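J.: Would you be able to build a 3D model of this:
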Amino acid sequence: MTQALPHTVDTLAADLRALGLSAGDMVLVHSSIRAVGPVAGGVQAVVEALLDVLGPAGTLIVPTHTPANSDPAEWSNPPVPEAWWPVLRGQSPGFDPARTPSQWMGVLPEVVRAWPGAVRSAHPHVSFAAVGAQAVAVTEQHPVEDGLGERSPLGALYRAYGKVLLLGCGHGSNTSLHLAECRRARPVPAEHGAAVRLPSGGSRWVTWTAPEADSSDFEQLGAAYEAGNDVRVGRVGNAETRLMAQRPLVDFATAWLDEHRS
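T.: All right, here's what the predicted structure looks like:
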C-alpha cells in the first residue's frame, strides 16, 4: 500500500481556506501539532500556511501563557515546602514578554512568539502573542486584573469580530470561553500573584484579584454551541479542526454559564 505523502505549506493552506479561513481575518489559534501529522518543514510550515492564508492584512494570535509563574502557596501538583515560597516569589527572574517562554501551550505558540515581527502582551500569567496587521492593537493593553476579560487580547478579538481556530484540539482549550466567564453577572473572584521583570533587570512580586478561570465544563459548553450554531469542521492535514466566529460563541457561552453554573 502506498503511504500518504507529508503535508506541505501549500496543502495545509488549501485545507485552511476550504475550512473558511480567509485573507484579512484575525484569528486566535489553539493547536496540537502532533494531530496534524507529518509535515514537510514541521511546525514552521504550519505557521507559514496560516500566515499565507491570512495575508498581510490578517492577524495571527496564539496563547503564550505562563501558569507556573504563580503563587507557590497555591501549588498542589506537586506542592513545595513553605520555606521555598519567599525564594520563589522574590528570586525568580520575573515575566518578560521577550524572554519568558510559554508553558504547556504546545510548540506552535512558541514558534509564533519568536516569529519576525511578533509582539506579545505583558500579562505575567495569560499573555498572547500576535503577528500581522493588528498585532500591536491586539496586545498593547493587557492589565493584570483583566487577564481574560474585556481589556485583554480576547476582548480585542471580540471587538474586531475575529475568529477562533481549534487545530487538532477541542473546546477545553478554547480560551475565548474565559471571556464569557468574566462577563457573567457574578464572576467568581480569585487572588493571583506572579513575578514580573523590571526594566532594571530585577523582579518584583505583584498580586491582584481577577475572575477565576475554570475550563472543566468547556467541552460540554462547546458541544452545546455546536448543536445549534455555525462551526465549520474539517481536516487540516490529519487534524480535525474547528473554525468559528468568536463573538457569537462568547455571547452564547455567557448565557450558558449563567444557566449551568451556580
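
J.: What segments of this protein are helices?
T.: For the chain, applying DSSP state H gives helices covering 9-19, 33-36, 42-54, 85-91, 107-113, 135-139, 153-159, 176-183, 218-228, 246-260.

J.: Tell me which residues are up against the first one.
T.: For helix 9-19, the external contacting residues (C-beta atoms under 8 Å, 6 or more residues apart in numbering) are 36, 39-41, 45-46, 48-50, 52-53, 232, 234-237, 241, 243. Yep, even glycine has a C-beta here, placed from its N, CA and C like the rest.

J.: Near the residue lying closest to residue 207 once chain neighbours are set aside, how many other residues are there?
T.: Of all residues not flanking residue 207 in the chain, residue 193 sits nearest, at 4.5 Å (C-beta to C-beta, 6 or more residues apart in numbering). Using other C-beta atoms under 10 Å as the criterion, residue 193 is surrounded by 18 other residues.

J.: please renumber so the chain begins at 160
T.: New numbering, starting at 160: the last item is residue 352.

J.: who's in contact with residue 352?
T.: So residue 352 contacts 229-230, 248, 364-367 (C-beta under 8 Å, 6+ apart).

J.: Tell me which two of those residues sit farthest apart.
T.: 248 and 367 (14.3 Å; C-beta to C-beta).

J.: center of the protein, which residue is that?
T.: The centroid of the chain falls nearest to residue 222 when counting by C-alpha atoms, centre = their mean (2.7 Å).

J.: which residues does it bridge with?
T.: Using DSSP bridges, the bridge partners assigned to residue 222 are residue 287.

J.: and it, what is it in contact with?
T.: 187, 189, 261, 264, 268, 285-287, 334.

J.: Next: residue 254.
T.: Residue 254 neighbours (C-beta under 8 Å, 6+ apart): 225, 228, 281, 283, 286, 353-356.

J.: What separation do you get for it and residue 224?
T.: 11 Å (C-beta to C-beta, to the nearest Å).

J.: Likewise for residue 208?
T.: Taken as C-beta to C-beta, the span from residue 208 to residue 224 is 24 Å.

J.: Looking at the two, which is more packed in?
T.: Ranked by neighbour count (other C-beta under 10 Å), residue 208 and residue 224 place residue 208 first, with 27 against 21.

J.: Excluding chain neighbours, what is closest to that one?
T.: Nearest non-adjacent residue to residue 208 (C-beta to C-beta, 6+ apart): residue 171, at 3.7 Å.

J.: distance of the one you found from residue 178?
T.: Residue 171 is 11 Å from residue 178, by C-beta to C-beta.

J.: go on, residue 198?
T.: 17 Å.

J.: Same question for residue 407.
T.: Counting by C-beta to C-beta, the gap from residue 407 to residue 178 is 17 Å.

J.: still on that earlier bit, among the contacts of residue 254, name the ones in strands.
T.: Taking DSSP state E, the ones among those that sit in strands are 353-356.

J.: and those, which are buried?
T.: 353-356 (16 or more other C-beta atoms under 10 Å).

J.: Looking at the residues you listed, which is nearest residue 416?
T.: residue 353 (25.6 Å).

J.: ok, that closest one touching residue 228?
T.: Yes. Assessed by C-beta atoms under 8 Å, residue 353 is found in contact with residue 228 at 4.8 Å.

J.: where are the low-confidence patches of the chain?
T.: 160-161 (pLDDT under 70).

J.: re earlier: of residue 171 and residue 178, which one has the most company?
T.: residue 171 (26 against 19).

J.: so residue 328 touches residue 190, yeah?
T.: Yes. Here residue 328 reaches residue 190: they are 6.4 Å apart, a contact under C-beta under 8 Å.

J.: out of the two, which sits in the busier spot?
T.: Neighbour totals were compared for residue 328 and residue 190, and residue 190 leads with 28 against 19 (other C-beta under 10 Å).
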